[in-house]
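**Student:** Predicted structure and sequence below. I'll ask about it afterward.
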Amino acid sequence: MNLQQLGWTPSWETAFQPYRTKNLVPGRIALEHKHMYRVYTEQGDFLAEVSGKLRHEALERADYPAVGDWVALTERIEEGRATIHAVLPRTSKFSRRAAGSVPEEQIVASNVDTVFLVNALNQDYNLRRIERYLTLAWESGANPVLVLTKADLCGDVDAAVREAEAVAMGVPVHAVHALSIEGLQALAPYIGQGKTVALLGSSGAGKSTLVNRLYGRDVQATGVIREDDDRGKHTTTHRELVVLPTGALLIDTPGMRELQLWEADEGISASFHDIEELAERCRFPDCKHQKEPGCAVNAGLADGTLERSRYDNYVKLQKELDYLARKENRTLQAAEKAKWKKIHKAQRAQYNNDH
């Protein structure tokens, strides 16, 4: 496999030039294990770890490699191993808040051209979740495409597509039945040679089945859907970059039912630009959209041009971002305090040794 098949472009070659002089070679992260990575290079695929220097200089989780990253590495061909020395600057990244009480960014996929937002047209179909996915997708820097799977389980596919188009304004919407070839041709423009697509959606949405149909054979296990709520178990347990027969690179991710936002201000503006355009028409620039006279948002809610559930979801996501920002600020303050405490302690110890 050559680098172009992995998505290498002249701009990546330019970014890599400083590492050429250090006798490093480029590779792309295909699979992330705990503290280890599977990397594709022109010499083959290698099991890789980060160098001690990279580990020492990493200030946060986002500084480590993620699936889709281009990295500079040294290969030990006879061992089938490699060492990652640097991560090239990302052109796009899909981030979420990592699990845990401390706010921290987790990069799910990077250097993605298109994000397939996969939602099933069964009982689990949820427009509010689509809005959340769209917010995160726009923030990533990649182009979102909404893929509605299990179209055979929907009584009125056309109506469902119209509903989705109403909340995903300007975003391509495709309904597919992944167990057959029906509808899959519509995805062809996004999966050309060297293009990278990330596949995102909740458990039971049909992501693994879609991967298998795009690949042409079963490369991932698929789960059984529960009859009581149409939801499924997580069948993908790690993020992985898969090379499709078309030459595209596809990143599948674990089911993410409870996505948390991460620095998604621009994503919210892109996903809810109709609400923000209404807000600009309010009489007062600091309108809270409560009981203020001349509030265009309340007028839209009253006459039905703005759906109440959509507006409530917008407010909910804004509050979620505000809470995260406050919590992150407190965490940063505590980390800064701990850093200076450690420095002062080291200085006192050095002073005592000198005297």
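**Tutor:** Nice, thanks for sending it over.

**Student:** Leu214 belongs to a helix, doesn't it?
**Tutor:** Yes. Under DSSP: H, G, I helix; E, B strand; the rest coil, Leu214 sits within a helix.

**Student:** pLDDT at the nearest residue to it once chain neighbours are set aside, what is it?
**Tutor:** Spatial nearest neighbour of Leu214, excluding adjacent residues (Cβ to Cβ, 6 or more residues apart in numbering): Leu244 at 5.7 Å. The way it works is simple: take the backbone N, C-alpha and C, and place the C-beta from them, glycine included. Note for Leu244: predicted pLDDT of 90.

**Student:** go on, Asp156?
**Tutor:** So, for Asp156, pLDDT stands at 88.

**Student:** how far away is it from Ala120?
**Tutor:** 15 Å (Cβ to Cβ, to the nearest Å).

**Student:** again, but for His177
**Tutor:** His177 is 11 Å from Ala120, by Cβ to Cβ.

**Student:** Number of residues surrounding the residue nearest to Leu214?
**Tutor:** Neighbour count of Leu244, defined by other Cβ atoms under 10 Å: 18.

**Student:** Could you do Glu105 as well?
**Tutor:** Applying other Cβ under 10 Å, I find that Glu105 has 16 neighbouring residues.

**Student:** again, but for Tyr64
**Tutor:** Around Tyr64 there are 18 residues (other Cβ under 10 Å).

**Student:** measure it to Leu54 for me?
**Tutor:** In terms of Cβ to Cβ, Tyr64 sits 8 Å off from Leu54.

**Student:** Now the common contact residues for these two.
**Tutor:** Residues touching both Tyr64 and Leu54 (Cβ atoms under 8 Å, 6 or more residues apart in numbering) are Val87.

**Student:** picking up where we left off before, which of Asp156 and Ala120 has more residues huddled nearby?
**Tutor:** Higher neighbour count among Asp156 and Ala120: Ala120, with 26 against 10, using other Cβ under 10 Å.

**Student:** distance of the more buried one from Ala302?
**Tutor:** With Cβ to Cβ as the criterion, Ala120 and Ala302 are 34 Å apart.

**Student:** sorry, back to before: can you tell me how far the residue nearest to Leu214 is from Leu117?
**Tutor:** 18 Å.

**Student:** One more: His56?
**Tutor:** Distance from His56 to Leu117, by Cβ to Cβ: 37 Å.

**Student:** check which helix or strand covers Val115.
**Tutor:** According to DSSP states H and E, Val115 maps onto strand 114-120.

**Student:** which other helices and strands contact that strand?
**Tutor:** Judged by 3 or more Cβ pairs under 8 Å, 6 or more residues apart in numbering; DSSP states H and E, the packing partners of strand 114-120 are helix 127-140, strand 143-149, strand 196-201, helix 207-215.

**Student:** Quick one: mean pLDDT over that strand.
**Tutor:** Strand 114-120 comes out at a mean pLDDT of 90.

**Student:** Same question for stretch 84-104.
**Tutor:** Rounded mean pLDDT across stretch 84-104 is 82.

**Student:** Likewise for stretch 165-172?
**Tutor:** 88.

**Student:** Tell me which residues of that stretch come out buried.
**Tutor:** Within stretch 165-172, the residues scored as buried using 16 or more other Cβ atoms under 10 Å are Val167, Ala168, Val171, Pro172.

**Student:** any idea how far Thr14 is from Trp8?
**Tutor:** Distance from Thr14 to Trp8, by Cβ to Cβ: 11 Å.

**Student:** Show me which of these two is the more surrounded one.
**Tutor:** Between Thr14 and Trp8, counted using other Cβ under 10 Å, Trp8 has the larger neighbour count: 17 against 9.

**Student:** any idea how far the more buried one is from Arg28?
**Tutor:** Relative to Arg28, and taking Cβ to Cβ, Trp8 is found at 8 Å.

**Student:** anything in contact with each of the two?
**Tutor:** Contacts common to Trp8 and Arg28, judged by Cβ under 8 Å, 6+ apart, are Trp70.

**Student:** Grab the nearest non-local neighbour of Ala30.
**Tutor:** Spatial nearest neighbour of Ala30, chain neighbours left out: Leu241 (4.2 Å); criterion: Cβ to Cβ, 6+ apart.

**Student:** before we move on, back to that, what sits up against the strand holding Val115?
**Tutor:** 94, 125-126, 129-130, 133-134, 137, 140, 142-150, 153, 164, 187, 190, 195-202, 204-207, 210, 230.

**Student:** domains for the protein, by residue range?
**Tutor:** Listed domain ranges for the chain are 3-87, 93-252 (source: automatic domain parsing).

**Student:** Go through these and find the least confident stretch.
**Tutor:** Among these, domain 93-252 carries the lowest mean pLDDT, at a mean of 79.

**Student:** ok now it, how far from the chain's centre?
**Tutor:** 11 Å (Cα atoms, centre = their mean, to the nearest Å).

**Student:** Span of that domain from start to end?
**Tutor:** End-to-end distance of domain 93-252 (Cα to Cα, to the nearest Å): 14 Å.

**Student:** For stretch 156-163, list every residue counted as buried.
**Tutor:** Buried-residue list, stretch 156-163, by 16+ other Cβ under 10 Å: Val157, Ala160, Val161, Glu163.

**Student:** Using TSV, please lay out the residues you listed together with distance to Trp70 and secondary structure.
**Tutor:** Below are the buried residues of stretch 156-163 laid out as TSV (distance: Cβ to Cβ, whole Å; DSSP: H, G, I helix; E, B strand; the rest coil):
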residue	distance to Trp70	secondary structure
Val157	39	helix
Ala160	38	helix
Val161	36	helix
Glu163	38	helix
